[in-house]
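Colleague: This is a predicted model, with the sequence first.
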Amino acid sequence: MKFYFALWYAKILGLAINLVSKDRGTNLPGEKALKIDPDFVKNFKNIDYSKVLFVTGTNGKSTTTNLIDHILKENGKKIITNIQGANLLGGIASILAKEASMTGKLNADYYIFETDERYLPLIYAQLPAKNMIITNLQKDQVQRNGDPDFIYRKLAGFIHPGMRLFLNNEEPRSKSLEHITEDCIYYGVDKHDESFVKGSDYPTLACPKCHHDIQFNYFNTDNVGPFHCVNCDYASEKSSDYQITDINFNEKTFKRKEVPFDMPYDLPFMFYNYAGALAVCQEVCDIAPVAAAKSFANFKNIGGRFEILKYKGKTIKYMRIKQENPDTLQSALNIMASDPEEKMVALGLYVVEDFVPHYANTFYAFDCDFQPLVNAKVERYLCFSEHVSYDTANRLLYEGVSKDDITIMDSDDILQIFAEIDKATTDNIYLITWLATFDKMKKFIEGGQN
């Protein structure tokens, strides 16, 4: 009986929150329901676990979930998903409560859930999905996740031989989970015009099997590319099951099995999201490449990490990075460095606020290679932030940037940020900062201050 009480309470609470704001409360109804019935998610009816997919990993979870959801809906499938991004057990409980009947029955073709990699064992205990795609396992928020091997052990502790894993063929750490199950589907990306190599002095990662060095043939994006161990036989597959090929940046197209696809976003890290989504849609949902291709023409990523604003004749290219995540910062740096045009770069890093105590540590910037950006055509750097603007500027100084080329602003005031942008002679502006600051800037422009 407590399941029904928890379900009805969650439904009522969800409706009430929705009346106040449709963008709030994605976790709260589920969290309250779980307090009433700790096994709340376990008790829903009509779930075929072979139709349930978890999307997890350090980077790319939200985009991959959004794309899978889009492809399936465009092909007439009924989906239950936490596309809004509430990826803990409470968020999943909330969406199931919302979609269920008053007796807890669910009706969907597929269940697609973005899941937080640290808390995935708790989610799996109540919702034993048969399918899981792991995008990558890389350095991330250290207060929350420690190091990537900590997350690796979390995942390895509950994955079992009965699960089907979709693994990035060119990401060494997550691929090594292949030994747990024989049902592995690999996806990957061909070498393209923005693939690159690094010097031999650049640090690599340890082989997950023997702990010697992993050597990359080249990189398609930072720390991802065809690889092999210098000591043992561990290596990426020579050809993955689902390979993105013929990437054309000029025409914004790629191919999969000779089927042409439009490229919604021509960013190198997105190609792995495309490949993974196509693998899932065909293997789990029987959506052939031709049917999936039609969905790519109108795909728009919800809360995307790359957005463009127009301001007084200038183009502001916003790249959102994950807090404390060097790989997303490195991807942003690579994109800026690859732009041959003159540019202004505005960096607004912030205090880390995962847990108390909050701390003003920009260590993750020291895991990144700024040199390609420094060697690109940068007219001026703006380092802004109430607490860490000087730390950010120091990172640039250590890389050889002249003090004369750096403006330091120990403030988050968007009017001051725009005032500095106004001073730039170039109309090509790159912005890296947290979402809250970007949203204020976006609303300022949309409000007619342009």
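Modeller: Yes, it's here.

Colleague: List the neighbours of stretch 191-200 that are in contact with it.
Modeller: Contact with stretch 191-200 is made by 216, 218-220, 225, 247, 249, 268, 271, 334, 338, 369, as judged by CB atoms under 8 Å, 6 or more residues apart in numbering. Every residue, glycine included, has its C-beta placed from N, CA and C.

Colleague: Pop the domain breakdown of the chain in here.
Modeller: For the chain, automatic domain parsing gives the domain ranges 2-296, 306-446.

Colleague: mind listing what's buried in the helix or strand hosting residue 440?
Modeller: Element membership of residue 440 [criterion: DSSP states H and E] is helix 435-446. Buried residues in helix 435-446, counting neighbours by 16 or more other CB atoms under 10 Å, are found at 437-438, 440-442, 444-445.

Colleague: Check stretch 185-200 too.
Modeller: By neighbour count on 16+ other CB under 10 Å, the buried set for stretch 185-200 is 185-190, 192, 194-195.

Colleague: Widest-spaced pair of these?
Modeller: 185 and 194 (25.6 Å; CB to CB).

Colleague: So in this protein, where's the weakest helix or strand by average pLDDT?
Modeller: Least confident element among the helices and strands of the chain, by mean pLDDT, DSSP states H and E: helix 142-145 (a mean of 68).

Colleague: Pull up the gap between the residue nearest to residue 158 when sequence neighbours are not counted and residue 81, please.
Modeller: The shortest distance from residue 158 to any residue other than its chain neighbours is 4.5 Å, reached at residue 121 (CB to CB, 6 or more residues apart in numbering). Note on residue 121: its distance to residue 81, by CB to CB, to the nearest Å, is 21 Å.

Colleague: do the same with residue 129
Modeller: According to CB to CB, residue 129 and residue 81 sit 13 Å apart.

Colleague: Between these two, which contacts overlap?
Modeller: 111, 113.

Colleague: Please report how far the residue most central in space within the chain lies from residue 324.
Modeller: By CA atoms, centre = their mean, the chain has its centre lying nearest to residue 60, at 2.6 Å. Distance of residue 60 to residue 324, given as CB to CB: 17 Å.

Colleague: same question, residue 426
Modeller: Distance, residue 426 to residue 324, using CB to CB: 30 Å.

Colleague: Of the two, give the one with the bigger neighbour count.
Modeller: Using other CB atoms under 10 Å as the criterion, residue 426 and residue 324 rank with residue 324 on top: 23 against 15.

Colleague: Now for that one, which secondary structure element holds it?
Modeller: Assigned by DSSP H and E, residue 324 belongs to neither a helix nor a strand.

Colleague: pLDDT score assigned to it?
Modeller: Looking at residue 324, its pLDDT stands at 72.

Colleague: just residue 320 next, same as before
Modeller: 84.

Colleague: need the contact list for it.
Modeller: 304-307, 328, 432-435, 438.

Colleague: list the buried ones in the helix ranked longest in the chain?
Modeller: Assignment by DSSP state H gives helix 2-20 as the longest helix of the chain. Going by neighbour count (16+ other CB under 10 Å), the buried part of helix 2-20 is 3, 6-7, 9-11, 13-14, 17.

Colleague: after that helix, next one along is what?
Modeller: That would be, after helix 2-20 and using DSSP H and E, helix 28-36.

Colleague: can you list contacts of the helix or strand that that following helix is followed by?
Modeller: Downstream of helix 28-36, the first helix or strand assigned by DSSP H and E is strand 52-56. Residues outside strand 52-56 that contact it (CB under 8 Å, 6+ apart): 61, 64-65, 68, 110-117, 120, 123-124, 127-135, 155, 280, 284.

Colleague: can you give me the strands in the stretch 51-200 of the chain?
Modeller: According to DSSP state E, counting those that start in this stretch, the stretch 51-200 of the chain carries its strands in the segments 52-56, 79-81, 110-114, 131-134, 164-168, 184-189.

Colleague: Please name every helix or strand in contact with the shortest one.
Modeller: It stands for strand 79-81. helix 61-74, helix 89-99, strand 110-114 (3 or more CB pairs under 8 Å, 6 or more residues apart in numbering; DSSP states H and E).

Colleague: Can you list the strands that that strand pairs with?
Modeller: When pairs are called by DSSP bridges, strand 79-81 turns out to pair with strand 110-114 (parallel).

Colleague: hang on, the earlier thing: so which of the strands of the stretch 51-200 of the chain gets nearest residue 350?
Modeller: Of these, nearest to residue 350 by CB to CB is strand 110-114, at 23.7 Å.

Colleague: in that closest one, what's buried?
Modeller: Neighbour-count burial for strand 110-114 [16+ other CB under 10 Å]: 110-114.

Colleague: What is the distance between it and the centre of its chain?
Modeller: 16 Å (CA atoms, centre = their mean, to the nearest Å).
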